[in-house]
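1. okay, here's the prediction I keep looking at, along with the sequence it came from:
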Amino acid sequence: MQSGRLEAFTDGVVAIIITIMVLELKVPHDGSLAALSDTMPILLAYAMSFINVGLYWNNHHHLMHATDRIDGKVLWANLFLLFWLSLVPFVIRWLDESGFAAMATAAYGVVLGMAAIGYELTERAIIACNGRDGALARAVGSDLKGKASLALYLIAVPAAFFARPVAIALYVAVVLLWLIPDRRIERALES
């Protein structure tokens, strides 16, 4: 089957995830700067999560443009990715309600790490469906950014229990790693 329907479905789910994330934010109870300051940690977690979900959406868009066809394995791998992304609003709320407790901070990394695995599975399923000589297979190569992201999540999750600032810094590092534009797929499609 063609990839357009999968891309449209994913776009819709991501839009809903982003909407739920913002609807879960609590507004300050008064109009003071101090009240706004009290909400800053969760606002920053929301911003980082918005960027994370946006990065997945952007990279998924590139995946679909490098894809000629998809099969059932691609559909299931993509659903796995979307499942974990759909838990992002839950862990943001947990972070807020628990005051960034160690377990909630670790759960944030587990959810994002599992989403990274879901993305990797989707990528591999697309390559298997389209062949090792396809544009995506050529573009992905050794996928150092993907491997580095997973390694950082593997370090950050246990770090959340004894050094939460380190875990949070590692989550930010993953976002910064992916904010650097990755032109591999674009270059493969141009050649």
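-> Good, I have the coordinates.

2. quick check: longest helix of this structure.
-> Looking across the chain with DSSP state H, the single longest helix is helix 102-130.

3. give the rounded mean pLDDT of the next helix or strand after that helix.
-> The helix or strand immediately downstream of helix 102-130 is helix 135-140, counting by DSSP states H and E. Throughout helix 135-140, pLDDT has a mean value of 82.

4. extract the CA atoms of helix 135-140 and return them as CSV.
-> Once non-C-alpha atoms are left out, helix 135-140 reads as follows in CSV (Å, rounded to 0.1, in the frame of the first residue of the first chain):
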residue,chain,number,x,y,z
ALA,A,135,16.5,5.8,-0.7
LEU,A,136,15.8,5.4,3.0
ALA,A,137,18.3,2.6,3.4
ARG,A,138,20.9,4.7,1.7
ALA,A,139,20.1,7.7,3.9
VAL,A,140,19.9,6.1,7.3
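
5. what about it, distance to the chain center?
-> Centre-to-centre, helix 135-140 and its host chain are 20 Å apart (Cα atoms, centre = their mean, to the nearest Å).

6. now stretch 172-190
-> 13 Å.

7. please apply the same query to stretch 99-111.
-> Put simply, stretch 99-111 sits 15 Å off its chain's centre (Cα atoms, centre = their mean).

8. ends of stretch 125-142, what's the gap?
-> 16 Å (Cα to Cα, to the nearest Å).

9. so how far is the longest helix of the chain from its chain's centroid?
-> Centroid separation for helix 102-130 versus its chain: 8 Å, with Cα atoms, centre = their mean.

10. do the same with stretch 154-167
-> Distance, stretch centre to chain centre, for stretch 154-167: 18 Å (Cα atoms, centre = their mean).

11. got the buried residues for that stretch?
-> Residues of stretch 154-167 classed as buried: Ala156, Val157, Ala159, Ala160, Arg164, Ala167 (neighbour count, 16 or more other Cβ atoms under 10 Å). Just so you know, the C-beta spots here come from the backbone N, C-alpha and C atoms, and that holds for glycine as well.

12. can I assume the fifth one is in contact with Met103?
-> Looking back up the chat, that one is Arg164. No - when contacts are counted by Cβ atoms under 8 Å, Arg164 is not listed as touching Met103 (10.6 Å).
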